[in-house]
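> Pasting the sequence and the predicted model now:
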Amino acid sequence: MLQHKEEALTYLSGFGNELESEMIPGALPVGRNSPQQAPFGLYVEQLSGSPFVTPRHLSRRSWLYKQMPTASHGAFVMIDAEDFLSESATVAEGNRIRLQRQPDELVPAAFPFGVVTLTITGSCAGRSGGAVHAYAISEDADAPAFSNADAEMLWIPTTSKLRCHTEFGVLEIVPGEIALIPRGVKLLAQPEKGGEARGYLIENYGQPFQLPDLGPIGANGLAAARDFLHPVAQVHDRRGPMRWVNKFAGSFWATDLAFTPLDVVAWRGNYLPCKYDLSRFMVVNTVSFDHADPSIFTVLTSAGGPAGAPNLEIAIFPPRWQVAEDTFRPPWFHRNTMSEAMGLVVGKYEVRSDGFQPGGLAIHNCMMGHGPDASSWVAASTRKLEPEYLLGTMAFVLESALPFVATTKALESTARQNDYHSAWQGFQRVTLPEKA
């Protein structure tokens with residue numbers, strides 16, 4: 001059990017571990033999951049995150065010991081979540097797309113409102129691909145609980161602390177950290193008192209994110225399982241009625257409860273929410289020349305894409321030493337069979353000298369050329385190469401085997417850089433030497 005150095009919250013460590021927690025000693029049954037009578041008269045509920053016959057090393061499920069069963073609720077009513085979308089009304093553009101910052105049109109509100117969908121890949125109904133959203137969450141004493149039957153949710157804050165009170169307990173994250181909420185897990189997402197929280201919300205419609213295999217790297221490197229932190233059991237303390245909103249098949253359904261649905265007194269299992277501090281990522285990089293492929297920066301991967309490709313992968317570009325000799329050190333020019341959506345968490349991106357800000361998004365779909373702009377290329381091509389620590393940056397890229405389709409809100413936003421192609425207009429054509 002770990003005590004986070006900046007918080008009063010206690011966490012349990014280990015991605016994919018079989019863990020357990022109880023708010024009241026004795027709330028967990030001993031030697032079985034579903035006794036005839038659970039301790040304190042609690043209701044026993046299994047939360048299955050994978051099919052029953054999934055191979056054991058991939059099986060995900062948890063047992064919850066609750067004050068009320070989830071099944072005890074009234075009828076759901078469909079509501080409008082406005083700009084939180086699962087389908088785009090547009091087609092995939094043949095142009096590269098960039099939003100310089102979070103959309104100016106995004107108005108803070110209680111989650112799941114205050115969300116604008118930027119781009120979608122694949123289909124939530126087909127359980128493939130995912131979506132990238134921008135969120136701006138304001139404080140609201142009547143904010144609803146939320147669950148997502150369509151996707152697991154990866155939260156990437158860019159400003160302020162975000163507090164996620166989940167069924168399993170409380171996670172708090174700040175810029176430079178991420179939180180992963182499994183499909184179907186209820187939560188209440190709120191900012192600090194008196195503030196608002198902004199950032200990215202990524203939905204993964206496909207198989208759950210896992211740590212990538214390390215191959216010849218060996219047993220150690222990249223994101224370590226030990227650094228993923230899980231909450232301890234804590235019932236939400238709201239008294240009185242509470243609305244619960246569930247996202248299902250791309251629509252939003254609400255029901256009003258007489259009690260909080262965040263009422264798990266104890267739990268055990270391995271289907272759990274977690275947080276991760278990106279500064280704990282052990283960067284692997286060249287110490288001689290050239291680049292390894294950016295897969296060495298992968299934090300999480302979701303299997304199940306076509307022809308053996310991943311469904312989704314998320315990689316980061318964190319602070320790190322650069323020591324390669326006789327090498328163009330920044331990311332090179334590239335065309336990729338995978339489609340890419342890139343965001344910035346803090347600082348500046350190393351191959352952009354213009355106004356790309358935290359909260360912005362760049363979309364480079366399959367085989368679209370991208371890379372450093374002209375001034376960054378000149379600087380990196382002519383500078384004296386010495387060991388250098390790249391500081392003050394944290395960017396991420398989400399890769400998909402399917403194209404990213406930008407939404408109408410993204411395409412029409414005032415944050416869109418309509419001349420994004422101009423970033424590569426300053427290059428001079430190379431003149432070849434004349435033949436002898």
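Arrived safely. Numbering: from 1, shown residues only.
> Spell out the residue ranges of the strands in the stretch 151-300 of the chain.
Shown for the stretch 151-300 of the chain, the strands assigned by DSSP state E, counting those that start in this stretch span residues 152-159, 162-166, 169-173, 177-181, 187-191, 196-204, 228-231, 242-248, 251-257, 264-269, 274-277, 298-302.
> From the contact counts, what lies against the fourth one?
Spelled out, that is strand 177-181. strand 152-159, strand 162-166, strand 274-277 (3 or more C-beta pairs under 8 Å, 6 or more residues apart in numbering; DSSP states H and E). Every residue, glycine included, has its C-beta placed from N, CA and C.
> Export those strands to a markdown table and append columns for distance to Val116.
Formatted as a markdown table, the helices and strands packed on strand 177-181 follow (distance: least, C-beta to C-beta, whole Å):
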| stretch | distance to Val116 |
| --- | --- |
| strand 152-159 | 14 |
| strand 162-166 | 17 |
| strand 274-277 | 24 |
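> just to revisit the earlier point, could I get the strands of the stretch 151-300 of the chain as TSV with mean neighbour count, distance to Leu106 and mean pLDDT?
Shown next, in TSV, are the strands of the stretch 151-300 of the chain (neighbours: other C-beta atoms under 10 Å; distance: least, C-beta to C-beta, whole Å; pLDDT from 0 to 100):
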stretch	mean neighbour count	distance to Leu106	mean pLDDT
strand 152-159	24	12	98
strand 162-166	23	15	98
strand 169-173	23	19	98
strand 177-181	24	20	98
strand 187-191	24	14	98
strand 196-204	24	8	98
strand 228-231	24	28	98
strand 242-248	20	19	98
strand 251-257	16	18	98
strand 264-269	23	32	98
strand 274-277	22	24	98
strand 298-302	22	25	98
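> For Glu93, find the nearest of the helices and strands packed on strand 177-181.
strand 152-159 (23.7 Å; C-beta to C-beta).
> Can you list the strands that the closest one pairs with?
Partner strands for strand 152-159, per DSSP bridges, with pairing direction: strand 177-181 (antiparallel), strand 196-204 (antiparallel).
> Looking at the ones you listed, which is nearest to Gly250?
Nearest of the strands paired with strand 152-159 to Gly250, taken as C-beta to C-beta: strand 196-204 at 10.7 Å.
> nearest residue to the spatially most central residue of the chain other than its sequence neighbours?
Geometric centre of the chain, nearest residue: Leu154, 2.5 Å, by C-alpha atoms, centre = their mean. In this structure, Leu154 finds its nearest non-sequential neighbour in Ile202, 4.2 Å apart by C-beta to C-beta, 6 or more residues apart in numbering.
> tell me the contacts of the one you found?
130-133, 153-154, 156, 314, 398 (C-beta atoms under 8 Å, 6 or more residues apart in numbering).
> Adding distance to Thr298, write those residues out as TSV.
Listed next are the contacts of Ile202 as TSV, based on distance: C-beta to C-beta, whole Å:
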residue	distance to Thr298
Gly130	15
Ala131	20
Val132	17
His133	22
Met153	19
Leu154	14
Ile156	15
Ile314	7
Leu398	11
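> Return the member of the residues you listed nearest to Ala379.
The nearest member of those to Ala379, counting by C-beta to C-beta, is Leu398 at 27.3 Å.
> which intervals of the stretch 301-436 of the chain have sub-threshold pLDDT?
352-353, 436 (pLDDT under 70).
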